[in-house]
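In: Build me a model from this:
(one chain, ligands or ions: 2)
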Amino acid sequence: MADTPDPTRPDQTAANDEAREPLPRELLSRTHLALPQGRARDQSRNGPRSAFEKRYLEGEAEPSRDIVGYASIKSRLHARLLDELDEQDMLDTDEERLAAHVRDFTARVLATEDLTLNDDERRNLSDDLMQETVGLGPLAPLMADPAVTDILVNGYNRVYVERFGRLEHTAISFRDNEHLIRIIQRIAASIGRRIDEASPMVDARLRDGSRVNATLPPISIDGATLSIRRFGTRRLTRDDLRRLRMLSDPMLTFLDLAVRGKLNVLISGGTGAGKSTLLGALCESIGQRERIITIEDAAELVLTQQHVVRLETRPPNIEGTGRVGTRELVMNSLRMRPDRIIVGEVRGPEAFDMLQSMNTGHDGGLTTIHANSPRDALSRLETMVLTAGTELPSRAIREQMTSALQLVVHVRRFEDGVRRIGAISEITGMEGDTPQLQEIFGYKYRGTPGGPRTITGSFATAGIVPRCVETLRERGINVPIELFHNTD
Ligand SMILES: Nc1ncnc2c1ncn2[C@@H]1O[C@H](COP(=O)(O)OP(=O)(O)OP(=O)(O)O)[C@@H](O)[C@H]1O
Ligand SMILES: [Mg+2]
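Out: Residues are numbered from 1 along each chain as shown. Ligands and ions are numbered 1, 2, ... in the order given. All right, here's what the predicted structure looks like:
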């Protein structure tokens, strides 16, 4: 428990985030690394920066000394390269000229600057920079900005980004719809996929792990669209989430113990609420010796344990065959001697197999589900089980759910842009035909005195000792009762 907060300290038991201080610098510098400077970046945005972002950017003018190594040197050079290309109006020229410039830039830098790179790194630098620069057109500066977590192109002249949890319109624009389509096709081609009128949608993972989705007209009525969920720049750890105030210390301690004690946990929330991020952070609590099988549509989870087998679903090929879905992977994973099965997101019939595995001794399952509340999560799960075609009566499905799952953790992106755990609820059984949920922790929302972006409220406990404490105790895990004391 060395790295978990001390639950017995009274000032932590009902963490109040009313007086929100600026976020800790070291958190930002570690998760965002060095930011690109200069014109390419500044042109990409409109409007004033938030105060804390400004402070961060100013403080970060000199790259922080504790960031060393190839990745950071490359990212700084990349930023300079983009500035140069931007100054010479070359960001979107043809690939050959661009590639020549990148080679020239790399040679110049390697010859004139004293960079702490080894021979391999020197050889790779040009190729790596090329890969990150060529083919993205006007999006290159956005992809190079580690603070950008999402890029949303709603049409050739409407490009939005999310930075620091806020969506902003940018000044970036493609020349026309054709131009945007060309860039989309290049991105798709770079990962071996095709997008055209015959198959006008693509959903894939870029080499760096970012998730990309694109649609072409006539599917998207107002022109081509593109959304990129950036990945790798900002993998938030459990500790980051605590400092970003996604949850209170007692909540974190409780979840840590629940995962270690192999309770089955369902994380629910809306699109982009932070479900996958929380899932990844909770996985940190899994023991080093456990054999973990992860099943995802586009592999996002990065686990540090040793025994990890990552499985990824496969879409059908152009002839419509060869599809491998989550359900098949869940069934297969049961034959792989897993200690834990982690399903990135349940969306369909795999819900049935997952619940069955949990009910037959595969404990410690973690997954996420798209839902608006913990109760909604259960009813959606039931609907998903129905799609498995087992023709179980509703009541049997609900019984299966309530015996398989112990906790539902609901995450929400609040109006102030902060993602918080809105509730941790325990599934306590059935009453009549209805599964019973009991809230253990929740976020008590008080209001928005200074406008919608200034939510006040605090995390609180319901003051109830959950039943799973007994289950955990039987598994040798003692949950401090103080966690559930209400200090309000
Ligand atoms: N507590 C947090 N504070 C700030 N940013 C966060 C937090 N949690 C997640 N994010 C960021 O929010 C974005 C969405 O997170 P994530 O992918 O986890 O959401 P999701 O609910 O799984 O989305 P989807 O419905 O698309 O699967 C990511 O860029 C992530 O880095
Ligand atoms: Mg997700």
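In: Residue 150 and residue 164 touch, don't they?
Out: No. Residue 150 is beyond contact range of residue 164, at 11.5 Å (criterion: C-beta atoms under 8 Å). The C-beta positions use only the backbone N, C-alpha and C, and glycine is treated the same way.
In: Count the neighbours of residue 135 for me.
Out: 18 (other C-beta atoms under 10 Å).
In: Identify the residue spatially nearest to it, adjacent ones excluded.
Out: residue 186 (4.6 Å; C-beta to C-beta, 6 or more residues apart in numbering).
In: and that neighbour, how many neighbours?
Out: Residue 186, neighbours per other C-beta under 10 Å, totals 14.
In: for the one 10 residues further on, same thing?
Out: With neighbours defined by other C-beta under 10 Å, the count for residue 196 comes to 11.
In: swap in residue 451?
Out: Around residue 451 there are 9 residues (other C-beta under 10 Å).
In: ok, residue 219 - contacts?
Out: Counting by C-beta atoms under 8 Å, 6 or more residues apart in numbering, residue 219 touches 200-201.
In: separation between it and ligand 1?
Out: 19 Å (C-beta to the nearest ligand atom, to the nearest Å).
In: Pretty sure that residue sits in a strand.
Out: No. Assigned with DSSP: H, G, I helix; E, B strand; the rest coil, residue 219 falls outside any strand and is coil.
In: Use 25 as the first number from now on
Out: Got it, the first residue is 25 from now on, which makes the last one we talked about residue 243.
In: pretty sure the residue nearest to residue 159 is in contact with residue 118, am I right?
Out: No. Taking contacts as C-beta under 8 Å, residue 210 lies outside contact range of residue 118: 11.7 Å.
In: For ligand 2, what's the nearest residue on the chain?
Out: residue 300 (3.2 Å; C-beta to the ion).
In: Could you tell me which ranges of the stretch 125-274 of the chain sit under the pLDDT cut-off?
Out: Within the stretch 125-274 of the chain, the stretches with pLDDT under 70 are 156, 256-259.
In: So what are the sheet partners of the one helix or strand residue 192 maps to and their directions?
Out: Element membership for residue 192, per DSSP states H and E: strand 190-193. When pairing is defined by DSSP bridges, strand 190-193 lines up against strand 183-187 (antiparallel).
In: out of everything not next to it in sequence, what's closest to residue 122?
Out: That would be residue 158: by C-beta to C-beta, 6+ apart, it lies 5.3 Å from residue 122.
In: Number of residues surrounding that neighbour?
Out: Using other C-beta under 10 Å, residue 158 is surrounded by 18 other residues.
In: and the strand holding residue 192, which residues are buried?
Out: Buried positions in strand 190-193, judged by neighbour count with 16 or more other C-beta atoms under 10 Å: residue 192.
In: Which other helices and strands does the helix or strand just after it contact?
Out: Per DSSP H and E, the first helix or strand lying C-terminal to strand 190-193 is helix 201-214. Packed against helix 201-214 by the contact rule (3 or more C-beta pairs under 8 Å, 6 or more residues apart in numbering; DSSP states H and E) you find strand 225-229, strand 235-239, strand 249-253.
In: now helix 201-214, how far from the chain's geometric center?
Out: How far helix 201-214 lies from its chain's middle: 25 Å, per C-alpha atoms, centre = their mean, to the nearest Å.
In: Next, the buried residues of it.
Out: 201, 203-205, 207-209, 211-212.
In: How about the residues of this structure by ligand 2?
Out: 299-300 (C-beta under 5 Å from the ion).
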